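In: A predicted structure for the sequence below; I have some questions about it.
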Amino acid sequence: MPRWLAEVVVATALACFGLVVLVGAREFGTGWSSSGPEPGAFPFYIGIVIVAASLFNAARAAAPALRPGGWSGAPFVTAQQARRVAGFAGPILALVVVSLALGLYVGMATYLFGTLVFQNRYALWKASAIALAAPLVTWLLIERAFKVGMLKGPIEAALGL
């Protein structure tokens, strides 16, 4: 996909988001009441800015006359860049999947261990220590000190956490 087309697609998606903001703001009122601006006034004007900026960016990306140098055949992403993004996004996606299935603390330990070993080349003993210590410290702070429950799975339930 050429870069200019990717820019048009993203700008169009953002314009749609801006339209959603506009419609939502209208539900709360966008004018003035006896006590001042209605609750939807600020989001409404922000939505206008989002839509206008997105349409400008889409036009700038699509129209060679508006862009210095005209249309570029440059790719949106190279194979090397895609691999780097996948190397970052893949483990994050795995964190979400593992956390939903086994709980946040197990997901955190798995994510940390995997990234420390496979991306950062830590020794197994160091990665294991960090991957076990970080969720434990997080559990102590969040669950015990602040008394906020987090997403738990079967392993935490079996341990009585």
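Out: That came through fine.
In: so residue 96 touches residue 107, yeah?
Out: Yes: using Cβ atoms under 8 Å, residue 96 is in contact with residue 107, at 7.5 Å. Quick note: C-beta positions are derived from backbone N, CA and C, even for glycine.
In: higher neighbour count, the two?
Out: Using other Cβ atoms under 10 Å, the more surrounded residue of residue 96 and residue 107 is residue 107, with 21 against 12.
In: For residue 15, which non-adjacent residue is closest in space?
Out: residue 54 (3.7 Å; Cβ to Cβ, 6 or more residues apart in numbering).
In: and the one you found, what helix or strand is that in?
Out: Residue 54 belongs to helix 41-62 when assigned by DSSP states H and E.
In: which ones are touching the residue nearest to residue 15?
Out: Counting by Cβ atoms under 8 Å, 6 or more residues apart in numbering, residue 54 makes contact with 11, 12, 14, 15, 18.
In: Pipe those residues into JSON lines and attach distance to residue 45 per row.
Out: Below are these laid out as JSON lines (distance: Cβ to Cβ, whole Å):
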{"residue": "11", "distance to residue 45": "20"}
{"residue": "12", "distance to residue 45": "21"}
{"residue": "14", "distance to residue 45": "16"}
{"residue": "15", "distance to residue 45": "16"}
{"residue": "18", "distance to residue 45": "11"}
